[in-house]
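In: Here is a sequence together with a model predicted from it:
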Amino acid sequence: RAASSHAARAAKSAPQNPDLWFLYAYSARLAGQYSESVDAYNRGLQARPSSIEGLSGLAQTYAKMGRNKDAEETLKRVIAANPSSDADLRLAGELTLSSDPRLALSYLERADAIHPSARNELLMARAYERTGDKNKAKELLDRARSRAPRDPEVLRSVAGYYRDSGEYDQAIATLKSVPSQSPAYLSELAYTYELAGKKTEAADVYLQAANRAPGQVDIQLNAAQAQVSAKRAARAEPLLKQVESLDPNHYRLHAIRGEINRLRRQNDAAIREYELALQSMPGSVPEGVLYPIALRLDLSQLYREAGNNDKADQQSEAARSALQKLDVGGPDRPEFLRLKATSAVESGDYTEAENDLREALQLQPANINLLLNYGNLLRRTKRPEDATKIYLKALELDPGNPPALESLGYLARETGNVDEARQYFEKLSRLDPDDYVPYLAMGDLNTEQGVFADAQANYERAYKLAPENPLIIARAMNAALEAHQLPNTKKWLDRATDTERLNPEIMREHERYLTLTGNYQESAKLGYAVIEKLPRDPEAPVYLGYDLLFMNRYDEAMAVVQRFEPSLPKDRDLPLIAGYVYAHNGQHQQAVDAFTRALQHDPQMATGYMNRGYVWNDMRMPTRAEQDFRKAIALRADYGEAHLGLAYSMLQLRRPQAALKEAELAEKNLPESGSLHLARAEAYRQRSMFGRAEGEYERALKFQAGDQAIYISLADAQYRLHQYQASVDSLNKGLTVAPNDSLLNAQLARSYAKLGRTSDATSAISRAESAGGNDYRILLATAQALMELRERDQAMQRYARALDLSNADRLHVRLALARFFAQENRPADAQQQVSLAFAEARVSAPEVVTSED
């Protein structure tokens, strides 16, 4: 860069001198400043349009920029003007090698005729290989090697041939025969190991190179990147600190730290580092035109995972736009096609992605990285059998390839082949005992199978190897929560540092822990943060929704459902939460629809049937409720809530003995509750066993002392037992809970009347009717009290008013009149009222008619 800067000043001081512009252009290309190089060559060519030096240099810069077509057109002009330049002929051959190997051969043969060299022969060998002439390719390869069998440069060229052809083992063997331990040689060997997918070997050799060249920033960075790729982030840190002391704002320093943060699931920090890398990156970099594109694609994925789709789309579009301007040939074409495929996947164009990867694999059929990318695409597009074949092909080329084993393990797990998945992960752990990934994967597999003790043992092994990885803590917390081991969950949570506790996956499990320990407020607070950090996580909105339900924040729970259900159309819990909200709000049909939607997603969900059954009960549709409760019990025989719900359905169907049986079964699996006692009380009441009903009502009140309806039911049972004073006492207790309740006063009037306490009865009637005089239930109760007080005319007035009320339940008024006439020994009038009651029943809503009627 210093040379480029000096050359720039010289050219600008003498702008009419083309040689200075060409010098500046050449220096800029060497410094990776490709745009400046193009501009400088064009300035020089304005003064000397036919300059072979200028045109040749411009073609070489275009080639470095991936602008192959521009490079080829420029080289045609050079070759036409100077057909004896072997360097330009060789470059033309190299550029056309991928697109037109026969044309490439014509250029290369002319170059070799002018100046024979091992490099020419190796390029011709590749061209013959592309045309399918394997014998000629091998002949030229052998000729190149025999030209100088011990010459390091020739051997490195031969290794380059093997490397470009995807024959990495041959390339490695050739490089190992080079008698050198220079940093440049070691870096090339490490790079070849990297391409072969041998990340551990690459990391070791790069480290040797870095130790021999502590002042060379690029080698330090390459070594650091290799440590990260080999999952040895801790070993990368000293190398990065060395770079920081030499060049603290180097773009690759930020990029590698961003990758470390990404691997640790610290996405916010990773995004900051990637942004810094792009901001500090010059227009052109020595790593080539594809490097910034790869960085943008990684950043796009990070933004998408963080829920920032706008910024993700910006980075993805920037990468796609840059790729569309390129047509990279030569040895970089397979990587160019891989990035094109990655960009296509980002935009959802899987067909284009597959076409790019297929072309790349035609160029390098043994490229393991390409095979893994293709396998991942097939896995993503739900073609597990094809994906398995590709991963196995990668293993054939490299039997111990960790990413291939890891991918096969996960794919086997996804397709339900648990034993096969375990075998791949165990093999992976044997190959590299210091790698945490197989233990994390086996822990996840154990958790999925419910073998929680083994899961925890594997997570402990993974944590010992990578204590800085928050994903291990999050998965271990999940396993502990699934096993209902709250102390163990707390142990893992305590291991997380303050920074790690901000990791969204740890936050999500922390939220669950707070929910299970009853700290719903803090749990919901975390939950809102998690859905912003993990907007596409299928579990985060569910956990938050339940937190909000537990705190009776129904509107907020419904808002969560409405926000996330469209993007999670197959999730069963979100419609379940909606059902709870609708049921609470009394929107019975909407609740039924929501629970039905949940059951469509999971027909084996006992909870869904149980909840829908309770709504059917509320809608007084006991037959449907019975069907749902029985389905829930068939799925879970010990489901106490379903047995209790079925008991209430039996009560609506006037089957009190069956209700008692279901209440008994419910009691075996549920703690004692007011609902259980109320179910028994109603069953006994239906069997006219009012004494036993009285005892159950009294026990129910121990759990629900503030429920005035229980006092009314208890008083009614006592009234039927002719325990009128006890009935009065119960109703007066109810009035302490609800002092202005009209129905309590109306029933009290009836009991006072039976006791002959006319004044108290009259006062109770007055209190009841002053607040509830337009309620037919109050009028029917006060009418009955007046009958006991022998105030027949006043009683008839109440019956008449009850019939006249527009909101009256006319069915029950008719039945009350029928009882009244029967008591007066007027059977014809009583029968008439019963007939009219039948007519009312036919036009009444289903929930109006009760089993008792």
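Out: Received, thanks. Keep in mind the model is a prediction, meaning the values are calculated, not measured. Residues are numbered from 1 along each chain as shown.
In: low-confidence ranges in the protein?
Out: Filtered on pLDDT under 70, the chain yields the residue ranges 98-99, 148, 307, 806-808, 845-852.
In: how far away is the most centrally placed residue in the chain from Ala277?
Out: For the chain, the residue whose C-alpha lies nearest the mean C-alpha position (Cα atoms, centre = their mean) is Asp537; its distance is 3.1 Å. Here the criterion is Cβ to Cβ, to the nearest Å. By it, Asp537 lies 27 Å from Ala277. Where C-beta positions appear, they are placed from N, C-alpha and C, glycine not excepted.
In: before we move on, what about Glu426?
Out: Per Cβ to Cβ, Glu426 is found 38 Å from Ala277.
In: Looking at these two, which one has more neighbours?
Out: Neighbour totals were compared for Glu426 and Ala277, and Ala277 leads with 25 against 15 (other Cβ atoms under 10 Å).
In: Quick one: the helices in the stretch 151-300 of the chain, in order.
Out: 152-164, 168-176, 183-195, 199-212, 217-229, 233-246, 251-263, 267-280, 290-305 (DSSP state H, counting those that start in this stretch).
In: For the shortest one, which outside residues touch it?
Out: Put plainly, it is helix 168-176. Contact with helix 168-176 is made by 155-156, 158-160, 162-163, 185, 188-189, 192-193, 195-197, 366, 368, as judged by Cβ atoms under 8 Å, 6 or more residues apart in numbering.
In: Would you mind getting the angle between it and helix 152-164?
Out: When axes from the mean of the first three to the mean of the last three Cα atoms, to 10 degrees is applied, the directions of helix 168-176 and helix 152-164 differ by 170 degrees.
In: Check the third one too.
Out: Between the direction of helix 183-195 and that of helix 152-164, the angle (the same axes, to 10 degrees) works out to 20 degrees.
In: burial of Ser713, as a residue count?
Out: Burial of Ser713 is recorded as 21 neighbouring residues (other Cβ under 10 Å).
In: Would you mind measuring from Phe425 to Tyr391?
Out: Distance, Phe425 to Tyr391, by Cβ to Cβ: 14 Å.
In: Could you look up the SS state of Pro603?
Out: coil (DSSP: H, G, I helix; E, B strand; the rest coil).
In: Just the buried residues of stretch 406-424, please?
Out: Buried residues in stretch 406-424, defined by neighbour count with 16 or more other Cβ atoms under 10 Å: 406-413, 417, 420-422, 424.
In: Can you add secondary structure and distance to Arg777 and give the residues you listed back as a markdown table?
Out: Formatted as a markdown table, those follow (DSSP: H, G, I helix; E, B strand; the rest coil; distance: Cβ to Cβ, whole Å):
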| residue | secondary structure | distance to Arg777 |
| --- | --- | --- |
| Glu406 | helix | 70 |
| Ser407 | helix | 70 |
| Leu408 | helix | 71 |
| Gly409 | helix | 67 |
| Tyr410 | helix | 64 |
| Leu411 | helix | 66 |
| Ala412 | helix | 66 |
| Arg413 | helix | 61 |
| Asn417 | coil | 64 |
| Glu420 | helix | 68 |
| Ala421 | helix | 65 |
| Arg422 | helix | 66 |
| Tyr424 | helix | 70 |
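In: which among those residues gets closest to Leu103?
Out: Proximity of those to Leu103 (Cβ to Cβ) peaks at Ser407, which lies at 38.6 Å.
In: ok, back up a step: now for the residue nearest to the centre of the chain: which residues touch it?
Out: Applying Cβ under 8 Å, 6+ apart, the residues near Asp537 are Pro504, Arg508, Val530, Ile531.
In: can you give me phi and psi for it?
Out: For Asp537, the backbone dihedrals (degrees, to the nearest 10) come out as phi -70, psi 130.
In: circling back to that earlier point, pick out whichever of the buried residues of stretch 406-424 sits closest to Glu482.
Out: Within the buried residues of stretch 406-424, the smallest distance to Glu482 is 16.4 Å, found for Arg413 (Cβ to Cβ).
In: Roughly how far does the closest one sit from Glu420?
Out: In terms of Cβ to Cβ, Arg413 sits 9 Å off from Glu420.
In: Quick check: neighbours shared by the two?
Out: Listed as contacting both Arg413 and Glu420 by Cβ under 8 Å, 6+ apart is no residue at all.
In: Which of the contacts of Asp537 are buried, as a PyMOL select command?
Out: PyMOL command restricting the contacts of Asp537 to the buried ones, with burial defined by 16+ other Cβ under 10 Å:
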select buried, resi 504+508+530+531
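In: how many neighbours does Asn825 have?
Out: Neighbours around Asn825, by other Cβ under 10 Å: 8.
In: Next, the contact list for it, please.
Out: By Cβ under 8 Å, 6+ apart, no residues touch Asn825.
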